[in-house]
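Asker: predicted model follows, preceded by the sequence.
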Amino acid sequence: MDNHIPEACIVLFGATGDLAHRKLYPALFQLYQKEKLNEKFAVIGVGRKDFSHEKFREDVIASVAKTGDFPSEKVDTFASHFYFIPMDVTNEKSYHQLKELADELDSTYSLNGNRMYYLAMAPQFFGTIPTFLKSEGLTETSGWQRLVIEKPFGHDLASATELNEQLQRSFPEESIYRIDHYLGKEMVQNIQVIRFGNAIFESIWNNKYISSVQITSSETLGVEDRASYYEKSGAILDMLQNHMLQMAMMVAMEPPGGLDPKLIRDEKVKVLRALRFYNEDEVAKNIIRGQYKEGSMNGKTVPAYVDEENVDPASKTDTFVAARIFIDNFRWAGVPFYLRTGKRMATKATEIVVQFKNGPMALYHEHNDHYQPNLLRIHIQPDEGLSLSLNAKPQGDFPALLPINMNYCNNCQNELNTPEAYEKLMHDCLQGNSTYFTRWDEVALSWEFIDGITNAWKNKDIPLFKYSSGTMGPLEAEELLNEDGYTWWPPTNVRNEINQ
Ligand SMILES: NC(=O)C1=CN([C@@H]2O[C@H](COP(=O)(O)OP(=O)(O)OC[C@H]3O[C@@H](n4cnc5c(N)ncnc54)[C@H](OP(=O)(O)O)[C@@H]3O)[C@@H](O)[C@H]2O)C=CC1
Ligand SMILES: O=C1O[C@H](COP(=O)(O)O)[C@@H](O)[C@H](O)[C@H]1O
């Protein structure tokens, strides 16, 4: 890991695709504008379209322009570093032309042989490309070689293992950067600092003082045009296996011995090792799956999942999942972690709520409707921040109670400066910092846990609960918490709280 401005040739497979256009070019431009990239970089875009370098540059300029009003000279100079190779990645021979251009740019821009290969392509190509990169000699340069790989990383443990073995024949584990874009989110990275940078939290961050943890990631969008992928994945593979478990790991991990990526990832993986795995009966009791029905959102009727384009009308795909999980270790024994995520829910929000236990004696709250437990809310999105709910006394009125909130908003004043997840992750990769990428042991264990659930869904008659679009999911997800004496805390908006 180093902090100097990295020089590298970035080879972007999938350069004409949606992810590259919407996220990756704007992210690279931000790095360039902030001087986290200097003139020593080149990007080679790969796709099947017959683009010239010029056409590709126009595309890159258009993509950047969609994200803000930037000086055209700066954008043009940035785009001049972009080159395009039309090729079919399944054709081994086409890599020769790629190699030639990469070697040439290496010397034109003095890139020291450093290469970042970014696979922004459908997963069926994840194994093929690294194999050809190695067999055709693209991994033999004098500099570093890093492989960035998009999601999904397999669809179960067996397929993920097979893919991983294939990758490791071309790139060692320390050169493989598996993207989970939630790990690039500002407030997900902040969890570590909030916990380990504040003695008041770390000392009570355990089962003596915390009664439960809730993590919600709700979306208002439906399946959109991704049915062919989503029909096979559902919310459980799309969100729970990766983003939701990653957030749970960040909340639950032990303090690392330092900030080295290995030390942090070692602690995260220990959380997964302590995760309670469920048998089929336990899956039925602890995991709720749902699917959206027709409903009303912003005054408009939206269709049921089964009526969406390219969805099987008899589909049993989960568009919602709520899970009660337990981390059976000294710190967390007995503390339920509730995770829920879904599409077509009432709000777009990601929030973590840490609920603290009530004090040992009910001096104030026994007959008081206003009493609420202390909550620490970590607002991941859309606004980023923290809120701490406390109880106080309203002016002059004793012994009444008034719940109050202490709020901090990370992006309210300086909105434009919050780096996008992809900007941070690409920068980290260029610097060789793998902290916020997923290591193979994390991926394998998370698949093992998820396979237990999906196998139970296949083998047992476990219901799929329907929920109306525009709600927070099926009633059964609420009952999951009610059984334990809890209720889901609705996501709040820290900006509104501050402005009240
Ligand atoms: N889009 C998003 O918001 C997100 C995407 N991802 C992941 O990113 C990856 C890419 O997604 P996305 O950008 O949406 O996909 P798209 O379908 O929009 O783009 C696919 C890209 O692959 C190229 N391609 C396809 N087949 C070949 C081939 N045989 N040889 C060379 N190039 C080929 C296409 O080029 P051409 O058309 O020129 O052939 C295109 O550039 C996926 O793994 C996805 O899961 C992850 C999170 C969010
Ligand atoms: O990975 C994915 O994430 C998005 C949600 O990401 P967010 O940053 O907007 O919260 C989700 O819509 C998509 O289905 C999934 O593949």
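Answerer: Perfect, I can see it now. Only a predicted model underlies this, so the values are computations on that prediction, with no experimental measurement involved. Ligands and ions are numbered 1, 2, ... in the order given.
Asker: I'd guess Val354 is in a strand, am I close?
Answerer: Yes. Counting by DSSP: H, G, I helix; E, B strand; the rest coil, Val354 is part of a strand.
Asker: pretty sure it contacts Ser211?
Answerer: No. Assessed by C-beta atoms under 8 Å, Val354 is found out of contact with Ser211, at 9.2 Å. Yep, even glycine has a C-beta here, placed from its N, CA and C like the rest.
Asker: quick one, which of these two is more surrounded?
Answerer: Just comparing Val354 and Ser211: by other C-beta atoms under 10 Å the higher neighbour count belongs to Val354, 24 against 18.
Asker: residue contacts, that one?
Answerer: With contacts defined as C-beta atoms under 8 Å, 6 or more residues apart in numbering, Val354 is in contact with 210, 213, 251, 375-378.
Asker: out of the residues you listed, who's near ligand 2?
Answerer: Checked against ligand 2 using C-beta under 6 Å from any ligand atom, the contacts of Val354 yield no neighbours at all.
Asker: need those residues in TSV with pLDDT, neighbour count and secondary structure, can you?
Answerer: TSV is the format used below for the contacts of Val354 (pLDDT from 0 to 100; neighbours: other C-beta atoms under 10 Å; DSSP: H, G, I helix; E, B strand; the rest coil):
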residue	pLDDT	neighbour count	secondary structure
Ile210	98	19	strand
Val213	98	22	strand
Val251	98	22	helix
Leu375	97	18	strand
Leu376	97	20	strand
Arg377	97	23	strand
Ile378	97	24	strand
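Asker: for those, which one is nearest Tyr278?
Answerer: Taking C-beta to C-beta as the measure, Val213 is the one of these closest to Tyr278, at 18.0 Å.
Asker: what bridges to that closest one?
Answerer: Taking DSSP bridges as the rule, Val213 bridges to Phe337, Val354.
Asker: tell me how far it lies from ligand 2.
Answerer: Using C-beta to the nearest ligand atom, to the nearest Å, Val213 is found at 19 Å from ligand 2.
Asker: so the residue in the chain that ligand 2 sits nearest to: helix, strand or coil?
Answerer: In the chain, the residue that lies nearest ligand 2 is Asp238 (4.8 Å; C-beta to the nearest ligand atom). Classification of Asp238 by three-state DSSP places it in helix.
Asker: so what's the residue count around it?
Answerer: Considering only other C-beta under 10 Å, Asp238 is surrounded by 23 other residues.
Asker: what does Asp225 give?
Answerer: Asp225: 11 neighbours (other C-beta under 10 Å).
Asker: cool, and Phe277?
Answerer: By the criterion of other C-beta under 10 Å, Phe277 has 14 neighbours.
Asker: setting aside sequence neighbours, what's the nearest residue to Leu388?
Answerer: Excluding its sequence neighbours, the residue lying closest to Leu388 (C-beta to C-beta, 6 or more residues apart in numbering) is Met406, at 4.6 Å.
Asker: just checking, what packs against the helix or strand hosting that neighbour?
Answerer: Assigned by DSSP states H and E, Met406 belongs to strand 402-409. Contact here means 3 or more C-beta pairs under 8 Å, 6 or more residues apart in numbering; DSSP states H and E; on that basis strand 402-409 packs against strand 385-392, helix 494-499.
Asker: pick out the shakiest of the ones you listed, pLDDT-wise.
Answerer: Among the helices and strands packed on strand 402-409, helix 494-499 carries the lowest mean pLDDT, at a mean of 80.
Asker: so which bits of it are buried?
Answerer: Residues 494-495, 497 are the ones in helix 494-499 that count as buried (16 or more other C-beta atoms under 10 Å).
Asker: and stretch 242-257, by the same measure?
Answerer: For stretch 242-257, the neighbour count (16+ other C-beta under 10 Å) marks 242-253, 256 as buried.
Asker: over to stretch 355-364?
Answerer: Applying a neighbour-count criterion of 16+ other C-beta under 10 Å, one finds 355-356, 364 buried in stretch 355-364.
Asker: also stretch 46-66?
Answerer: 46-47, 51, 53, 56-57, 59-61, 63-64.
Asker: cool, stretch 16-33 as well?
Answerer: Using 16+ other C-beta under 10 Å as the test for burial, stretch 16-33 gives 16-17, 19-21, 23-33.
Asker: next one: stretch 36-48
Answerer: For stretch 36-48, a neighbour-count test (16+ other C-beta under 10 Å) marks 36-37, 40-47 as buried.
Asker: residue boundaries of the strands in the stretch 51-200 of the chain?
Answerer: Along the stretch 51-200 of the chain, counting by DSSP state E, counting those that start in this stretch, strands occupy 82-86, 115-119, 145-149, 176-178.
Asker: okay, these in JSON lines with mean pLDDT and distance to ligand 2 next?
Answerer: JSON lines is the format used below for the strands of the stretch 51-200 of the chain (pLDDT from 0 to 100; distance: least, C-beta to the nearest ligand atom, whole Å):
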{"stretch": "strand 82-86", "mean pLDDT": "98", "distance to ligand 2": "26"}
{"stretch": "strand 115-119", "mean pLDDT": "98", "distance to ligand 2": "15"}
{"stretch": "strand 145-149", "mean pLDDT": "98", "distance to ligand 2": "14"}
{"stretch": "strand 176-178", "mean pLDDT": "98", "distance to ligand 2": "13"}
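Asker: for Ile264, find the nearest of the ones you listed.
Answerer: strand 176-178 (14.7 Å).
Asker: that closest one vs ligand 1: in contact?
Answerer: No. Strand 176-178 lies out of reach of ligand 1 by C-beta under 6 Å from any ligand atom, never closer than 11.4 Å.
Asker: elements contacting that strand?
Answerer: Contact here means 3+ C-beta pairs under 8 Å, 6+ apart; on that basis strand 176-178 packs against strand 145-149, helix 440-459.
Asker: switch the buried residues of helix 494-499 over to a markdown table; also include distance to ligand 2.
Answerer: Converted to a markdown table, those look like this (distance: C-beta to the nearest ligand atom, whole Å):
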| residue | distance to ligand 2 |
| --- | --- |
| Val494 | 16 |
| Arg495 | 17 |
| Glu497 | 21 |
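Asker: what does the stretch 1-150 of the chain have sitting close to ligand 2?
Answerer: Residues of the stretch 1-150 of the chain lying near ligand 2 (C-beta under 6 Å from any ligand atom): none found.
Asker: which residues in the stretch 1-150 of the chain form helices?
Answerer: Along the stretch 1-150 of the chain, counting by DSSP state H, counting those that start in this stretch, helices occupy 18-19, 25-33, 53-65, 72-79, 94-108, 128-135.
Asker: read off the pLDDT value for the closest residue to Tyr486 other than its chain neighbours.
Answerer: Distances taken as C-beta to C-beta, 6+ apart place Ser212 nearest to Tyr486, at 5.7 Å, with adjacent residues excluded. pLDDT, Ser212: 98.
Asker: quick check: Ser212 vs His81, distance?
Answerer: Look at Ser212 and His81: by C-beta to C-beta, to the nearest Å, they are 50 Å apart.
Asker: contacts for the strand holding Met406, please.
Answerer: 370-372, 379, 383-394, 494-495, 497-498.
Asker: quick one: distance of it to the chain centre.
Answerer: 27 Å (C-alpha atoms, centre = their mean, to the nearest Å).
Asker: same check, this time on stretch 328-347
Answerer: Mean-position distance between stretch 328-347 and its chain equals 16 Å (C-alpha atoms, centre = their mean).
Asker: got the buried residues for that stretch?
Answerer: Neighbour counts over stretch 328-347 (16+ other C-beta under 10 Å) mark 331-332, 335-347 as buried.
Asker: distance to Thr161 added to the buried residues of helix 494-499, as a markdown table?
Answerer: Shown next, in a markdown table, are the buried residues of helix 494-499 (distance: C-beta to C-beta, whole Å):
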| residue | distance to Thr161 |
| --- | --- |
| Val494 | 41 |
| Arg495 | 44 |
| Glu497 | 45 |
